[in-house]
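Asks: can you look at this prediction? I've put the sequence above it.
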Amino acid sequence: MVRKRARNWYWWLWLSPLLTVPTLLLIYGIVSALVRALAGPSRLSYEIVERAAILTAVLGSAAWHLLLLAPVRDKKSTFVRWHGRQALMLAGVRSAIPVMLGLLMGGNGALLSIPILLIIWFGGTLWGHLQAARGKCSLMQRFGQKALSTLREAGEEIQSREQAAEMLVEIVRLSHDPEERRRAIDELSRRGMVEAL
């Protein structure tokens, strides 16, 4: 299903810190040791080295998020492509914050970014995950595209009658929009798949 495929990419954002944090620490250790050995003992060079190491480590560890280019380039579904862009945007924000604070404040700024990143990691990923499950996409709507919630688009995205029926049942079960649920029930009734009470 389209919603499930879009939602599954947010699992990468949930689990990515398991790869990005060790990569960040490894790169930071290597780069800072290497540059300190070359820079010499002055205090000014230490601050420059620290900021250069933070920048290199954050950008190097952020490369793991390039995996999100796969849903961005999905050829089967516009909805999955939009959620891929939204997930990539969240990953970009998660990388930009420690870069900015690290460049401005050095190691203290990088440490200050940790609580902010935890909030963005949890809140942003949960937000995207739930939106995909509901057939919504804020980025898609922001750019004037209609979300998957309209039945006409759902019918265009789904190939077979059985899959379309599953999509309609999922809308009835998961949607928080009463109008959207009513339209899905009407469509199921029209297809003769709902019994009268």
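Replies: Okay, I see it. Source: prediction; values computed, not measured. Residues are numbered from 1 along each chain as shown.

Asks: tell me which helix or strand residue 87 sits in.
Replies: Secondary structure assignment for residue 87, by DSSP states H and E: helix 78-105.

Asks: tell me the contacts of residue 58?
Replies: Shown in contact with residue 58 (C-beta atoms under 8 Å, 6 or more residues apart in numbering): 24, 95, 98-99, 102, 110. Every residue, glycine included, has its C-beta placed from N, CA and C.

Asks: swap the cut-off to 7 Å and go again
Replies: 24, 95, 98-99, 102 (C-beta atoms under 7 Å, 6 or more residues apart in numbering).

Asks: now the host helix or strand of residue 127 against helix 78-105, angle please.
Replies: For residue 127, the element it lies in under DSSP H and E is helix 125-134. Comparing the axes of helix 125-134 and helix 78-105 via axes from the mean of the first three to the mean of the last three C-alpha atoms, to 10 degrees yields an angle of 170 degrees.

Asks: so what does the helix holding residue 87 touch, helix or strand wise?
Replies: helix 2-15, helix 43-62, helix 69-72, helix 107-119, helix 125-134, helix 138-142 (3 or more C-beta pairs under 7 Å, 6 or more residues apart in numbering; DSSP states H and E).

Asks: of all those, which lies closest to residue 79?
Replies: helix 2-15 (5.2 Å; C-beta to C-beta).

Asks: show residues contacting the following helix or strand past that closest one.
Replies: Next in sequence after helix 2-15, counting helices and strands by DSSP H and E, comes helix 17-39. With contact meaning C-beta under 7 Å, 6+ apart, helix 17-39 is reached by 45, 49-50, 52-54, 56-58, 60-62, 64, 121.

Asks: at 10 Å what do you get?
Replies: With contacts defined as C-beta atoms under 10 Å, 6 or more residues apart in numbering, helix 17-39 is touched by 12, 45-46, 48-50, 52-65, 67, 91, 94-95, 98, 102, 107, 110, 117-118, 121.

Asks: what's the spacing between residue 124 and residue 67?
Replies: 17 Å (C-beta to C-beta, to the nearest Å).

Asks: burial of the residue nearest to residue 193 when sequence neighbours are not counted, as a residue count?
Replies: In this structure, residue 193 finds its nearest non-sequential neighbour in residue 165, 6.1 Å apart by C-beta to C-beta, 6 or more residues apart in numbering. Other residues within reach of residue 165, judged by other C-beta atoms under 10 Å, total 15.

Asks: I'd say residue 165 and residue 188 touch.
Replies: Yes. Between residue 165 and residue 188 there is a contact under C-beta atoms under 10 Å: 7.1 Å.

Asks: pLDDT score assigned to the closest residue to residue 109 other than its chain neighbours?
Replies: Ranked by C-beta to C-beta, 6+ apart and with sequence neighbours excluded, the top spatial neighbour of residue 109 is residue 101, at 3.4 Å. Residue 101 is assigned a pLDDT of 89 by the prediction.
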